[in-house]
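A.B. asks: need a structure here:
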Amino acid sequence: MAQGDLTSLANLKSWLGATTTNNDVVLGRLVSAASASVLRYIARPFVGATLVTERYDGRGGDTLVLRQGPVSSIASIAFSGSVITTAATGNPPTGGYILDCPALQARLILTDLYFPHGKGQIQVSYWAGWQVAGEAHTAAASVTPSQLWLTDVGVTYATGAALTAVAANPAVGQYAVSAAGAYTFSAVDIAANAALLISYGTAPYDMEQVVLELAGETYSRMDRIGLGSKTLAGQEIITFSQLPLNNAAKGALDRFRRVAPV
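C.D. replies: Okay, the predicted model is just below:
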């Protein structure tokens, strides 16, 4: 899969019922083009869970609206020489931060400090985007997640101990993942049938379906580019849609559109 794709070539071929490799290059380009159209419509730079680091202007309050979403976790909040990494707990809450409405327009709320005034005074690192968290697998020579894989979010043993990502040839306690989302593990972990929890970025099913339908429709009209209608036997007229995204696709995507924070 190319970076930014919201479905795979294999999924598109399955949707189209294609069984040969004759048109793989063309279909791959259509996946990328359809994915770009969807990302542009929902006003998001990415979909699969990604660790982002962003700077924000400080206004002196205790609340900050994050630009990306949905937000699964906060890595750090830094400003004025302070670095906050601990979520507040209890009621009343302890010192730290509260992550409010993470599935919608996430807000960071400080419980014992205030953000400073000034341009670019705040730096926040956080995981944003859709993900499958802690999918259970057993170590093997190649492990493929059950849903569409877009990004790697991490692997732990079932006990909770984290494995370390490496480029290739993982040793005990390490893993490697290919650009297509195939995970490999050490021979020792494989022999021990180690129980693993894999977390990875994905695209919601209905969003991916729009990409499949858009790419499939573009492929089907390759022999009628620019054709608006056709008359059959001088009686029946077929009219073709010229819209890049039809109303059904827009309806499916509207709930994913990013709202700019105020």
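
A.B. asks: low-confidence ranges, the stretch 1-150 of the chain, go.
C.D. replies: Scanning the stretch 1-150 of the chain for pLDDT under 70 picks out nothing.

A.B. asks: all helices for it, in order.
C.D. replies: With helices called from DSSP state H, counting those that start in this stretch, the stretch 1-150 of the chain shows them at 9-16, 24-42.

A.B. asks: ditto for the stretch 151-262 of the chain
C.D. replies: With DSSP H, counting those that start in this stretch as the criterion, the stretch 151-262 of the chain has helices spanning 187-191, 205-220, 247-253.

A.B. asks: relative to helix 24-42, how tilted is the longest one?
C.D. replies: It refers to helix 205-220. 130 degrees (axes from the mean of the first three to the mean of the last three C-alpha atoms, to 10 degrees).

A.B. asks: show me what helix 205-220 is packed up against.
C.D. replies: Applying 3 or more C-beta pairs under 8 Å, 6 or more residues apart in numbering; DSSP states H and E, we find helix 205-220 packed against helix 9-16, helix 24-42, helix 247-253. In short, each C-beta sits where N, CA and C put it, glycine included.

A.B. asks: could you measure residue 93 against residue 32, distance?
C.D. replies: 45 Å (C-beta to C-beta, to the nearest Å).

A.B. asks: comparing those two, which residue is more hemmed in?
C.D. replies: residue 32 (19 against 14; other C-beta atoms under 10 Å).

A.B. asks: residues near the closest residue to that one other than its chain neighbours, how many?
C.D. replies: Closest residue in space to residue 32, ignoring its immediate chain neighbours: residue 2 at 5.1 Å, by C-beta to C-beta, 6 or more residues apart in numbering. Residue 2: 11 surrounding residues under other C-beta under 10 Å.

A.B. asks: against residue 29, how distant is residue 2?
C.D. replies: 9 Å.

A.B. asks: now swap in residue 116 and tell me
C.D. replies: 47 Å.

A.B. asks: burial count for the closest residue in space to residue 86 that isn't next to it in sequence?
C.D. replies: Excluding its sequence neighbours, the residue lying closest to residue 86 (C-beta to C-beta, 6+ apart) is residue 96, at 4.1 Å. By other C-beta under 10 Å, the residues close to residue 96 number 18.

A.B. asks: residues contacting residue 96?
C.D. replies: 84, 86, 87, 88, 89, 110, 111, 112 (C-beta atoms under 8 Å, 6 or more residues apart in numbering).
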